[in-house]
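# Sequence first, predicted model second:
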Amino acid sequence: MRLHARWQRVLVALAVACLVSALDAGLRSSPPVAAQATWPVSAEQVGLQDLRVAGKGQIPRPAGALAAHASYLLAMPKDHAAALTAFWFAGDRESAPNVQIAAAQWDRRTQQWTQARYVVNRHAMGDALGFGLRRLGNPVAWLDGKGRMHLFVVATGLGGWAAGRVLHLRQNSAASDLQALQFAPVRVLPLSWLWNTSYLVRNAPLQLADGGMVLPAYFEIGIKYPTALRFDSDGNFVGMQRISARTWALQPTLLAQSPSQWLALMRDTRPNGRVITSQTQDGGKTWADVPDLALVNPDSATAGVSLTAQDQLLVHNSAPASREKLDLSYSADGVQWRKLLALEDGVKGEEFSYPSMAWTDGALWVSYTTDDRKSIAWQKLVPSAVKGTP
Amino acid sequence: MSAQWFNATPLLPQEAMQYWAVHLGWGLVLACALVFAAHRFGKTSRNVVVASTVLALVWCSVPGPTSLSYWLGLAFQAPSLVTDLLCIWYLHHCWRGRPTNSNPTPGLLTLSAAGVLLGWVLLLDTLALLPWPVYAIGFSPVATAVLFFVALLPWMLHGRSALADSRTWIVPLAVCIFIVLRWPSGNVWDAVLDPSLWLLLNGFMIRRFSLAIQRD
């Protein structure tokens, strides 16, 4: 009799659990469609294998900023007054209490950068969230299906960068002109059980055909591993997936060779490192580690972009154990790479690092940290077949 | 590696809900800490319980760095719903003058052991030592169902005697509240177990285990 009663309770518990699950599932929106990547350039665009420098300089700093690092370039819509918005973190030094997220825009009419201003302040964001943010860094920006700007920023808790969390911000100003641009926090993304700590972002999202995107992220405390975070066209978080089984790979950059076949190229934290690679054949549902590339990686950040399915570009440090050389390389398949340009060829001790790329107005724009992490340099590259601009 | 995207879209809490998950959660934890400290000094009246609770909730609701929850949230984000409900249970028992340190029932020990095991699985998952994306599964309604079923283990195993300790109903209640509010993060593991609670459960189970060995 007692055994019979116990089994009855088990069946009742099963039934109630199923009801609870059905209620939970019923409150959710439909699952996202299969992820299909898109490209910023039409397949007919020629000359992407042969680029030349058409302009360079430094992005103006906000008044009083002594340090700048980890820039990100966001291509703006064709009808916007600005071609690009650049974000980076600036303050007295990296990890200083006064570090904020700064921004500047490349004005289409004047063909110059606007004066920079701060757009994200940790104190204001902390007040809005209800809890403190110790430091800010590594901004990554994206335009959603409604043209609103989203910003993903590393916001640390107790500890250094290894205690980072990913803060998701969304534009809450009517206009995205630099002087009007404002952001409000959406949430700190829930990515880790361990006090939601040690996830960071760095590289550009991969745009999807449904208007959403896949944001590369990585876990950093102790071991390092890369993750992909998917968002829908409104910027709602819809899932996460680990990219690699390796525990020494971070800062993934995503390249799309077909709508559902992507490569993730990653930074290698080991001595004598190479660019680490992982691949998906099903739009990010499953990933498999593949052999490292021949490209040297001196434990430094890279930036990759697929302009078309057959044109992949990568900005990376190419000297072993240093960041004094910064190269732009090209590949048709993401595996075999050849150097296109030496963007920087510095002397021992110099650092050119944390690059970012964007394609807009028929040109490839590159930004990176320079000048001992005091400035952000930029270069504009055009296909050599394009006449005109020196 | 062959982990999958999860078909169910995560449902995360509204921004305002997250704000209150931090303030209310830490307010309850602080209230318990104040009442516990007061009891240590022999102050056990209802007024002490009420005053401590009001003080803690007000202090943690103040916006900005003046609030203790501002700093606790910086370090630890929000406590789990189970932690919140345990705090409410503790405050209620203190207010009613009921004992809070009676011997744990078999049902409570079962749940505590399950919590310890879950925490170890989540920690190993965080450190990428498991082949399955356990934390990501917590966004799925499948996890909600499994958790709810496991939370009813005390009742399944022990029947009505499980009702004797109201703490055995906290986990199923937390899951139900999670489904409606999605507190604190939209992930059901965060709703039932935070690392701080897990550490306390480890200490609790180690102590029970050592007492059991001594008796033997």
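That came in fine, so what should we check first?
# Which parts of the stretch 251-390 of chain A are strands?
Assignment of strands within the stretch 251-390 of chain A using DSSP state E, counting those that start in this stretch yields the ranges A:262-268, A:276-280, A:288-290, A:303-308, A:311-317, A:325-331, A:338-345, A:353-360, A:363-370, A:375-383.
# Can you tell me which of the ones you listed is packed in deepest?
Most buried of the strands of the stretch 251-390 of chain A, by mean neighbour count (mean count of other Cβ atoms under 10 Å in any protein chain shown): strand A:262-268, with a mean of 27. C-beta here means a position set from N, CA and C on the backbone, and glycine is covered the same way.
# So is that one next to chain B?
No: interface with chain B: strand A:262-268 contributes nothing (Cβ under 8 Å from any Cβ of the partner chain), its closest point being 12.2 Å away.
# Can you list the strands that that strand pairs with?
Its sheet considered, strand A:262-268 pairs with strand A:249-256 (antiparallel), strand A:276-280 (antiparallel) by DSSP bridges.
# Would you mind checking the average pLDDT for stretch A:87-95?
The pLDDT scores in stretch A:87-95 average 92.
# Please point out which parts of that stretch sit buried.
Buried residues in stretch A:87-95, defined by neighbour count with 16 or more other Cβ atoms under 10 Å in any protein chain shown: A:87, A:88, A:89, A:90, A:91, A:94, A:95.
# Without its sequence neighbours, what residue ends up closest to the third one?
Meaning residue A:89. residue A:137 (4.7 Å; Cβ to Cβ, 6 or more residues apart in numbering or on different chains).
# same deal with the fifth one?
Spatially, and ignoring its direct neighbours in sequence, residue A:91 is nearest to residue A:99 (3.4 Å; Cβ to Cβ, 6+ apart).
# sorry, back to before: for the residue nearest to residue A:89, list the residues it contacts.
Residues near residue A:137 by Cβ atoms under 8 Å, 6 or more residues apart in numbering or on different chains: A:69, A:70, A:89, A:94, A:95, A:99, A:153, A:154, A:156, A:161, A:164.
# so the first one touches residue A:371, yeah?
No: using Cβ atoms under 8 Å, residue A:69 is not in contact with residue A:371; the gap is 10.6 Å.
# circling back: quick one, phi/psi of the residue nearest to residue A:91?
Backbone geometry at residue A:99, expressed as degrees, to the nearest 10, gives phi -70, psi 130.
# is it true that it touches residue A:89?
Yes: at 5.3 Å, residue A:99 counts as touching residue A:89 under the criterion of Cβ under 8 Å.
# Overlap of the contact sets of the two?
By Cβ under 8 Å, 6+ apart, the residues touching both residue A:99 and residue A:89 are A:136, A:137.
# so residue 23, which of the three states?
Looking at chain A here, since you left the chain open. Secondary structure state of residue A:23, per DSSP: H, G, I helix; E, B strand; the rest coil, is helix.
# oops, chain B please
Applying three-state DSSP: residue B:23 is helix.
# Let me know how buried it is, in neighbour terms.
By other Cβ atoms under 10 Å in any protein chain shown, 25 other residues sit near residue B:23.
# where does it sit relative to residue B:69, distance-wise?
Noted for residue B:23: a distance of 5 Å to residue B:69, by Cβ to Cβ, to the nearest Å.
# same question, residue A:260
Relative to residue B:69, residue A:260 is positioned 44 Å away (Cβ to Cβ).
# quick one on the thing from earlier: mind checking how far the residue nearest to residue A:89 is from chain B?
To chain B, residue A:137 is 16 Å away according to Cβ to the nearest Cβ, to the nearest Å.
# In contact with residue A:49: list those residues for me.
Contacts of residue A:49 by Cβ under 8 Å, 6+ apart are A:311, A:330, A:340.
# any weak-confidence spans in chain A?
A:1-3, A:386-390 (pLDDT under 70).
# And the residue of it that's closest to chain B?
When scored by Cβ to the nearest Cβ, chain A has residue A:131 as its residue closest to chain B, at 2.5 Å.
# Do I have it right that that residue meets residue B:76?
No: applying Cβ under 8 Å as the test, residue A:131 and residue B:76 come out as separate, 9.1 Å apart.
# Who has more neighbours out of these two?
Neighbour count, other Cβ under 10 Å: between residue A:131 and residue B:76, residue A:131 has more, with 26 against 21.
# Without its sequence neighbours, what residue ends up closest to that one?
Nearest non-adjacent residue to residue A:131, counting by Cβ to Cβ, 6+ apart: residue B:73, 2.5 Å away.
# And for residue A:115?
In this structure, residue A:115 finds its nearest non-sequential neighbour in residue A:60, 5.6 Å apart by Cβ to Cβ, 6+ apart.
# Tell me, how many residues neighbour the one you found?
For residue A:60, the count of nearby residues is 18 (other Cβ under 10 Å).
# quick one: whatever helix or strand residue B:144 lives in to chain centroid distance?
Taking DSSP states H and E as the criterion, residue B:144 maps to helix B:141-151. Relative to its parent chain, helix B:141-151 has a centroid offset of 16 Å by Cα atoms, centre = their mean, to the nearest Å.
# what does it contact?
Residues outside helix B:141-151 that contact it (Cβ under 8 Å, 6+ apart) are A:13-14, A:16-18, A:20-22, A:24-25, A:28, B:8, B:111, B:114, B:137, B:171-172, B:175, B:178-179, B:188-189, B:192.
# helix or strand right after it?
Downstream of helix B:141-151, the first helix or strand assigned by DSSP H and E is helix B:153-158.
# Just the angle for the following helix or strand past that next one relative to helix B:141-151, thanks.
The helix or strand immediately downstream of helix B:153-158 is helix B:170-181, counting by DSSP H and E. For helix B:170-181 against helix B:141-151, the angle by axes from the mean of the first three to the mean of the last three Cα atoms, to 10 degrees is 150 degrees.
# How about helix B:170-181 and chain A, any contact?
Yes: Helix B:170-181 reaches chain A (Cβ under 8 Å from any Cβ) through B:175, B:176, B:179.
# Could you check how far the second one is from residue B:143?
Spelled out, that is residue B:176. Between residue B:176 and residue B:143 the computed distance is 14 Å (Cβ to Cβ).
# Settle it for me: which of the two has more neighbours?
Legend: neighbour count by other Cβ under 10 Å for residue B:176 and residue B:143, higher for residue B:143 (23 against 17).
# how far away is the more buried one from residue A:326?
45 Å.
# One more: residue A:164?
Going from residue A:164 to residue A:326 by Cβ to Cβ gives 25 Å.
# quick one on the thing from earlier: which neighbours do residue B:23 and residue B:69 share?
Common neighbours of residue B:23 and residue B:69 (criterion: Cβ under 8 Å, 6+ apart): A:130, B:60, B:61.
# between those residues, which is nearest residue A:224?
Using Cβ to Cβ, residue A:130 comes nearest to residue A:224 of the shared contacts of residue B:23 and residue B:69, at 30.1 Å.
# how many neighbours does residue B:105 have?
By the criterion of other Cβ under 10 Å, residue B:105 has 18 neighbours.
# residue contacts, it?
Taking Cβ under 8 Å, 6+ apart, one finds B:154, B:158, B:161, B:162, B:164, B:165, B:168 in contact with residue B:105.
# which SS class is the residue of chain B found nearest chain A?
Residue of chain B nearest chain A, by Cβ to the nearest Cβ: residue B:73 (2.5 Å). Under three-state DSSP, the three-state class of residue B:73 is helix.
# I'd like to know how many residues surround it.
28.
# Also residue B:54?
Using other Cβ under 10 Å, residue B:54 has 12 other residues around it.
# and it, that's in a helix?
Yes: Residue B:54: assigned to a helix according to three-state DSSP.
# Quick one: the helices in chain B, in order.
With helices called from DSSP state H, chain B shows them at B:15-40, B:46-61, B:68-76, B:81-96, B:106-126, B:134-137, B:141-151, B:153-158, B:170-181, B:188-192, B:195-215.
# Nearest to residue A:173, out of the strands of the stretch 251-390 of chain A?
Shortest distance between residue A:173 and the strands of the stretch 251-390 of chain A, using Cβ to Cβ, is found for strand A:353-360: 21.3 Å.
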